[in-house]
Structures are given as C-alpha cells and as structure tokens.
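>>> got a structure for you, letters missing:
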C-alpha cells in the first residue's frame, strides 16, 4: 500500500470510526458485565456443533464477559491512539471475523434473538446486527492494509496505553459486578415509574380495520367501532389491542403466589414503601447473601417497611431455605429467572419502591448503603 496523504487520511478516519464504535460497545456492556455474562450463557445453551455442546463452560461466563468487554475496549483505545498498530489491526480483524460469522449464524437460525452487542442500551435485530458488522468490516480491512503507513516505534508509550486500557476496563467491570450497574438501561432504572397508581385511569381497547378496497388500515377506540362493524362490505376487523394503564412497565413481569395469583400490580403500586429481595437463582446465594437478606429483614421490621422475596426457585426449595435462614415469616413470590435478572443483577438484590416508582437498588454487598440512609 502506497504511503500517500490520502491513504493515511483514510486510515485515520477508519481507525476513529471503528474505534469509537468499539469504545461505545465495550462501555455499554462494561456498565453491566453480568448482563453480558447472561447473554454468553444463552449462547452456550443454545449453540452446539454436532453432539458437542458448550454448557460445560457456563461457570466461566462471567470471566469470558469481562475478557470480551476488555478486549473490545482495548481495541478501541489502541485504534484511536494509534498504538501497537500491527497488533491492534490483527486483533480487530480476528474479532470482526468472529462477530460477523456469529451474527450471520444468529440471523439465519434465530437461536439467540438478541446478540447483546450494545448491551441493553441499543437493541438490534439479528439481521441489523449482521449488516452493522458488514459495514464495520470495510474499514477493518482498510486498517489492516494500511497498518504500516507512517508507523512509528513508540513501545514505551504504547505499552502504557495498553496496560492502562486493560486495567481501567477490568476495574470498571468488576465495580459493576460487585454493585448494581452504574448506568441502568433496563426498565427497572431508579426513578422509573413501573405502574400507574392514578385510580381515575381506565383500561382502553382499540380495534384495527382494513379497508377492503384501498387496503388502508386504521385503528379506532372500541367505543367508536360501530360504524365500521355495520359497514362490513368495506371494512374488515383484523385485530384488537387493550391498553391497561396499571400494568407493569416491564413486559412479562409477574409476582405469583402459591395459588398462581399475580400480585405484581398490587405490591409494586402500593402507596407504602416495599423492598423486593430478588433471588434469580436460590442455589447460588452464598453466606454473605443470606446474611444481607437477614439484615434487610431486621431493618425492614424496624422501619415498618414491607419486605418480600421474589425468586424463580421451586416452593419447597424456598421454604427450606427460609427455614434454615430463620426467615419463615418472609412472604415470597415467584417469577421467571430472566425477569428477575432484568430487575436486579445481584443475587440477592434489593429494590425499593413506593407508589410504583423505583426509589433505589442495591447489591447485597452494598446493603449497608440502604441501612445508613
């Protein structure tokens, strides 16, 4: 490749474009490494090569999550700072090759519906993700072809950049693992209203019609649909939609009791303060988690705050655990593990709500923050 001003300028533009994408991708995943870990576990469960499966690697998902996030961040930093150009360009090529092949398989098989390439910050379909990678592949090839243009040997400076980038992202990721994510892109973000508590609001229903002559589609309130129902020669009903202003603003979320009655709206919309202790996998709760739960139960009793347990485990497992932890009086409810993981990453985690608004979220390791407040 000739060392011309144009080629070098295009190299700079390509490095900055790809580098910024990698920095953004690694940052939004770095604020929630456990979310990326859950996505890796989903891949390990869904994918196989013949009779060979990847479920044996499930215990390493969190390590692989931090490694992937750090590698992405490192590539972004090295590209933008023009450091270790040969190393960064080849690492970029290998990563983009892996991402492109993976997302192509995703798009064709749809075994994993969301690759999680931008965490919970930006949701893309599998095909959108694949074409995004194809777009990135173009400057990636150019970066590889022009990796030797005006290359200067700055080993000491580049080494400092590499070490600092790795250390910064590892520390940042570990902080967000041992606490709730510092930036929350999920529905249960602190400050979000999860259900509307205004009793004057009523459920609304809508009916969708298609004009048989023009194929025009319209949606009208059900109270105004009589003229369309009478004019069946011109309008065909193609569907209905119900809007419940009081349903939980997290699709598919529920809090079922032993009789399969859903208490989510009543508990979350309660005018009194309530703390939901989230345990997505009861068998993974360690001694510190149990002690935090007991400490929270004591604090809730002293403050007059309702505390309930939300878990995905079987009733007999929950009852046995609460008996052993001397928390038999604690009310418990059931939900899907994924829904609980979306609510809080920690196992257990604690979510404080009042009037349907999320007031706070805590990892069990930092429960002293709530107690002190």
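Arrived safely, thanks for sending. Values in this document were obtained by computation on a predicted structure and should not be read as measured data.
>>> and the nearest residue in space to residue 34 that is not next to it in sequence, how many neighbours?
Counting by Cβ to Cβ, 6 or more residues apart in numbering, residue 34 lies nearest to residue 345, which is 4.4 Å off, once chain neighbours are set aside. (C-beta placed from N, C-alpha, C; glycine too.) Taking other Cβ atoms under 10 Å as the criterion, the count of residues near residue 345 is 25.
>>> quick one, strands of the stretch 1-150 of the chain?
For the stretch 1-150 of the chain, strands defined by DSSP state E, counting those that start in this stretch occupy the ranges 48-49, 52-53.
>>> quick one: contacts of the last one?
I take that to be strand 52-53. By Cβ atoms under 8 Å, 6 or more residues apart in numbering, the list of residues contacting strand 52-53 from outside reads 44, 47.
>>> try it again with 10 Å
Strand 52-53 is touched from outside by 44, 45, 46, 47, with contacts defined as Cβ atoms under 10 Å, 6 or more residues apart in numbering.
>>> correct me, but the last one touches residue 112?
Okay, so that is residue 47. Yes - contact between residue 47 and residue 112 holds when scored by Cβ atoms under 10 Å: they sit 7.9 Å apart.
>>> show me the contacts for the residue nearest to residue 308 when sequence neighbours are not counted.
The shortest distance from residue 308 to any residue that is not its chain neighbour, by Cβ to Cβ, 6+ apart, is 4.7 Å, and that residue is residue 331. Neighbour list for residue 331: 257, 263, 267, 306, 307, 308, 309, 310, 322 [criterion: Cβ under 10 Å, 6+ apart].
>>> Next: residue 43.
When contacts are counted by Cβ under 10 Å, 6+ apart, residue 43 touches 54, 57, 61, 64, 102, 106, 111, 112, 115, 116.
>>> follow-up on the earlier one: ok, of the contacts of strand 52-53, which one's closest to residue 224?
Nearest to residue 224 among these: residue 46, at 45.2 Å, using Cβ to Cβ.
>>> and that closest one, what pLDDT?
You'll see residue 46 listed with a pLDDT of 84.
>>> what's the neighbour count on it?
Burial of residue 46, expressed as a neighbour count using other Cβ under 10 Å, amounts to 15.
>>> Endpoints of stretch 225-242, how far apart?
Using Cα to Cα, to the nearest Å, the end-to-end distance of stretch 225-242 comes out at 14 Å.
>>> Apologies, that question was intended for stretch 229-243.
First-to-last distance for stretch 229-243 - Cα to Cα - comes to 21 Å.
>>> how far is that stretch from where the chain is centred?
What separates the centre of stretch 229-243 from the centre of its chain is 37 Å, taken as Cα atoms, centre = their mean, to the nearest Å.
>>> If anything else comes up later, I'll come back, but that's it for now.
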